[in-house]
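>>> Compute the structure for the input listed below.
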Amino acid sequence: MPEGDVLLRVARRLTTALADGPLVRADLRWPDVSGAELVGRRSLGTVCYGKHLLTRFDDGRTMRSHLRMDGRWLVRRTMTPPEPLRRPMTRAVIATSAWTCVGDHLGMLDLLRTRDEPTLLRHLGPNLMADDVDTGTAAENCRAQGERAIGAVLLDQRVAAGIGTIYLAETLWRHQISPWRPARAVPDPQALFVTAAALMRRSADAPTLTATGARDQPTYVHGRAGLVCLRCGDVIAVAPVEEAPYDRPAFHCPTCQVD
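Residues are numbered from 1 along each chain as shown. Below is the predicted model:
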């Protein structure tokens, strides 16, 4: 599932693509919003909150999309006549006279009043991709998790929004903390969220991403099971955190990341 850095990159692309004028095409292929009239509206920009994308319009409405596991927004030049774009996986097409944004395999799509965004997102923790990220509240949420494994806590979007398995692994490796250490035993949880936010922001700002928005950044532990740890020389391992069906892989070094 895309993490905060990819969502921030996508939000920036949508903001730029839709900034040049009113919408000339708006086709939302989702049951609850099919037929919604957006032609003529202007985008006020797209922001990400955790793994949600919020595209705001000048009529006081917001289009919320969620990529889930396989979703993506593609940006291409607007063609005349317009492309039919009839693929079953295409769930949204919004376009200005210059650029067309195509939402494929989206896991969620709806429209709401922009003023209702806080209600929609109230179950989530602080947004780690926000310019004014609140790592203090994230740390308080973390401390409240008690005996729960810190790896599972970092993945919990109710604690802080944006971290997935990559930045779970990379953050805990940098702090030499086992993914299974109880949250209550982490000496400085705020430092974890500061690190995760910084890593994701650095990735979002880097020019070395692929054309599809995927990461092209080196990792120290994630995806390196069976290879040597670059800090201590032991072999990187991977094991699940949380219980099925919510278990996720946690890449880690068994030697230098301690419980």
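
>>> use CA for all of it now, contacts and neighbours both
Noted.

>>> Okay, now the unreliable bits of the stretch 151-259 of the chain?
Scanning the stretch 151-259 of the chain for pLDDT under 70 picks out the ranges 208-217.

>>> which residues does I177 bridge with?
Per DSSP bridges, the residues bridged to I177 are V258.

>>> again, but for T55
T46, M63.

>>> And it, how close does it get to I150?
Using Cα to Cα, to the nearest Å, we find T55 at a distance of 32 Å from I150.

>>> neighbour-wise, which of these two wins?
I150 (27 against 22; other Cα atoms under 10 Å).

>>> okay, the more buried one: pLDDT?
Per-residue pLDDT puts I150 at 98.

>>> ok, the residue of the chain positioned farthest from its centre - contacts?
The C-alpha centroid of the chain is most remote from P81, which lies 33.9 Å away (Cα atoms, centre = their mean). Neighbour list for P81: empty [criterion: Cα atoms under 8 Å, 6 or more residues apart in numbering].

>>> what's around the nearest residue to R76 once chain neighbours are set aside, how many residues?
Distances taken as Cα to Cα, 6 or more residues apart in numbering place T100 nearest to R76, at 5.3 Å, with adjacent residues excluded. Close neighbours of T100, defined as other Cα under 10 Å, add up to 26.

>>> any idea how far M63 is from T100?
Counting by Cα to Cα, the gap from T100 to M63 is 16 Å.

>>> Give me the secondary structure label for the residue farthest from the centre of the chain.
Of the three states, P81 takes coil under DSSP: H, G, I helix; E, B strand; the rest coil.

>>> And it, how close does it get to A95?
13 Å.

>>> Next: R41.
With distances taken as Cα to Cα, R41 is found 11 Å from A95.

>>> who's more crowded, the two?
A95 (25 against 19).

>>> give me the beta-bridge partners of that one?
What pairs with A95, by the bridge criterion (DSSP bridges), is R25, T100.

>>> contacting residues for it?
L18, L23, V24, R25, A26, T78, C101.

>>> Go ahead and confirm K51 touches L67.
Yes: assessed by Cα atoms under 8 Å, K51 is found in contact with L67 at 7.4 Å.

>>> Can you work out which residues contact both of the two?
By Cα under 8 Å, 6+ apart, the residues touching both K51 and L67 are P2.

>>> circling back to that earlier point, can you tell me which of the contacts of A95 is nearest V6?
C101 (16.3 Å; Cα to Cα).

>>> For stretch 141-160, what is the distance to the chain centroid?
With Cα atoms, centre = their mean, to the nearest Å as the basis, stretch 141-160 stands 17 Å off its chain's centre.

>>> Please renumber the chain so that the first residue is 51 from this point on.
Sure, I'll start numbering at 51, so the last one becomes stretch 191-210.

>>> buried set for it?
191-193, 195, 198-210 (16 or more other Cα atoms under 10 Å).

>>> hang on, the earlier thing: mutual contacts of R91 and A145, please.
Common contacts of R91 and A145 (Cα under 8 Å, 6+ apart): L73.

>>> The residue nearest to R126 is in contact with P132, isn't it?
No: if you go by Cα under 8 Å, T150 and P132 don't touch, sitting 9.4 Å apart.

>>> Tell me if I am right that G153 is in a strand.
Yes: when three-state DSSP is applied, G153 is found to be in a strand.

>>> Could you report the separation of it from V60?
11 Å.

>>> and if you look at A67?
Counting by Cα to Cα, the gap from A67 to V60 is 10 Å.

>>> Could you do S93 as well?
Counting by Cα to Cα, the gap from S93 to V60 is 15 Å.

>>> Could you do V285 as well?
V285 is 35 Å from V60, where distance means Cα to Cα.

>>> For those two, indicate the residue with more neighbours.
Between V285 and V60, counting by other Cα under 10 Å, V60 is the more crowded of the two (23 against 17).

>>> That one reaches G121, doesn't it?
No: counting by Cα under 8 Å, V60 stays clear of G121, with 11.2 Å between them.
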